[in-house]
Structure formats: C-alpha cells, structure tokens
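1. Next one to model:
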Amino acid sequence: MQLQQLAYFVEVAHTRHFTRAAENLGVTQPTLSKQIRVLERSVGTRLFSRSPSGITLTSAGEALFPHAQRMLINADSALRSIGEVAELRRGRVRLGATPSTLDGLLPPILMDFHQRYPGVELEVHEAGSRVLAEELANGNIDIALLIVPVTTDAPDIETTIVYREKLLLASPPNSAIGPAIEISDLATLPLVMFREGYDLRDVTLRACASAGFEPRFAIEGGEMGSVLRFVEAGLGHAVVPDIALRNRHNLRTSHIVNPPLERHLAVAHREPTTLPLAVQAFRSMLLDGLAAPGA
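-> Numbers count the residues shown, from 1 in each chain. As a prediction, the model looks like this:
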C-alpha cells in the first residue's frame, strides 16, 4: 500500500467518478484504474462497486476511507514539518558556554541568529568548561564554546580554536596597581576566587603554585558575575578573561606578565555532518562571528 495509491483512492471516493478523478489528479484514466486494482489486490478485497448508475464504496472502502484521509493528512504534515526544519523555520540549538563568553562574546551572535531564524529555539547552558565537555559527550547539548584542551569519553568530539583569551587582573576602581603586574606580586593581594569547577580557578592556582606561593583568598566560591561585583565593591582582586571586562569600565585592569596567562577558546561539537540543520547553521554563524575583527 503506497501513499500515491491512497491518494488515488481518496480522490475517486470523493468524485465517485474515475475519469473526473484522473483529470483532477493529472493522470490518465487507465493509470488511475490500474493503481486502484493494485491497491485492491494489496488489501485483499474490492474497494469500489461499479454499476451503470455510478461508483460506490464497498464496505471495505467505507472502512478504509477515513484512515486513508488521515494517513494523507499526516504525510502532508510531516513533509511540511521537514520543509520547515530544512528551511530553518523550526528547530532547536542547545548551546553550552562559559560565563565569560556569555557576557562578552555571544550576545551579538545570539541576537543575529535569532533575528535570522526566529522560529529556531535557542537553549543556553551556562557552566565551566569541564562540565560543558561532559554535557557534550553525554548528548545533553549540541555545541559548546569552551576552553581547550578538553577531556571527554567521546572520541568524535571536534574542536576549532576561535579565540585566544588573555587573562588580566581586575582590581577595585580605587586600586593603585599599575598597568602590568607579575604573577609573584599576587602573593601580596587578597583574591576573589571562583568556585570549584571553574577553569579560571585552576589556572590561577597553578600559576601561583609555579611562582612558589599559595594565594590569599578574600572571598571564595563565586560565579563570574558575583566575582566581578565583589571586586567592584573593593573586596579584592581577581584573575579574569579580557572578554569579561569589556563592559566593566569602572574596574582597573592590569596585564599579567612573567609569565603572561592566556587560554584558548574553541567551538566544540560532534562530527559536523551529524548535527541537526539548525545547529549547523548556528555553528557557521558562530565561527564567522568569532572570526570577525574585534571578536
């Protein structure tokens, strides 16, 4: 039983006339009659009674008619849904991103994507890079903007480095610290420290350990937003990405030297051809947006 045969059957049932049904369908009457016979053989019984007075449905035809109509409606709906997804009128993108990228890099890209594809749902997961890598490996998100290298149990995760992130020292507005500071100088400063699981916490602690000291925490356990607010309030200093300071003009910033600290930000996902069409479109816009000057 084929959808085309069901469409022929429904049209004949509507018109109760083979020649008129063939004209409406744009086929020859012999072609239509042949397909109806094939359909009748496949269901094992006749569907139409033919007499000099006209065409009528048999009891089997009466039973098939509503189901055939529903199957054709469902098939048409399915094709429309596929077309909407293919044309990106519908779909979903599950994006994972670190807090600093959500604050500094992603908003204009998300806005452009939403304006271009308003029917595509954007679902954002905010977390540290290690958590995002696990979410990606487990299939809970489709694409992520995170710090590399990442370690996952999924060998098919691909990464493309898109941004070299410089780490700066953010200080309260009234701080007297100059435009550059060495890692060893952090030993004398109270630090506002990120919570466990943040890559920034690990980077800062490793840099301090390499310089031979343990940092002194003024406050510990914050997220990006709260860490920057604590610094603004004068509670201490924090090592943060340059992109997180783009909209924090009231904070003093110092470049970290001897050694400088930096991280590499990458777009991560599974093999591109396996991604849903909406995710492929977002990936292309993300790569283009982050490759643009000033990104």
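2. where along the protein do the helices fall?
-> Taking DSSP state H as the criterion, the chain carries its helices at 3-15, 18-25, 29-43, 59-86, 99-104, 106-116, 129-137, 199-210, 224-232, 277-291.
3. Tell me which of these approaches residue 93 most closely.
-> helix 277-291 (4.7 Å; C-beta to C-beta). In this view, the C-beta of every residue, glycine as well, is placed from N, C-alpha and C.
4. Tell me which of the helices of the chain lies nearest to residue 251.
-> Among the helices of the chain, helix 224-232 comes nearest to residue 251, with 6.2 Å by C-beta to C-beta.
5. and residue 258, how many neighbours does it have?
-> Number of residues near residue 258 (other C-beta atoms under 10 Å) recorded here: 11.
6. Residue 59 too?
-> Residue crowding around residue 59 was assessed by other C-beta under 10 Å; the count is 11.
7. Check the gap between it and residue 47 for me.
-> 10 Å (C-beta to C-beta, to the nearest Å).
8. Over to residue 206?
-> Taking C-beta to C-beta, one finds residue 206 at 77 Å from residue 47.
9. the more surrounded of those two?
-> Using other C-beta under 10 Å as the criterion, residue 206 and residue 47 rank with residue 47 on top: 22 against 11.
10. For that one, which residues are in contact?
-> Counting by C-beta atoms under 8 Å, 6 or more residues apart in numbering, residue 47 touches 9, 36, 39, 40, 57, 58, 60, 61, 64.
11. Who wins on neighbours among those?
-> residue 9 (27 neighbours).
12. Throw the helices of the chain into a markdown table and include mean pLDDT, thanks.
-> Conversion of those to a markdown table gives the following (pLDDT from 0 to 100):
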| stretch | mean pLDDT |
| --- | --- |
| helix 3-15 | 88 |
| helix 18-25 | 89 |
| helix 29-43 | 90 |
| helix 59-86 | 78 |
| helix 99-104 | 81 |
| helix 106-116 | 92 |
| helix 129-137 | 87 |
| helix 199-210 | 91 |
| helix 224-232 | 91 |
| helix 277-291 | 89 |
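13. Just tell me which of those ends up closest to residue 164.
-> Using C-beta to C-beta, the helices of the chain put helix 277-291 closest to residue 164, at 11.2 Å.
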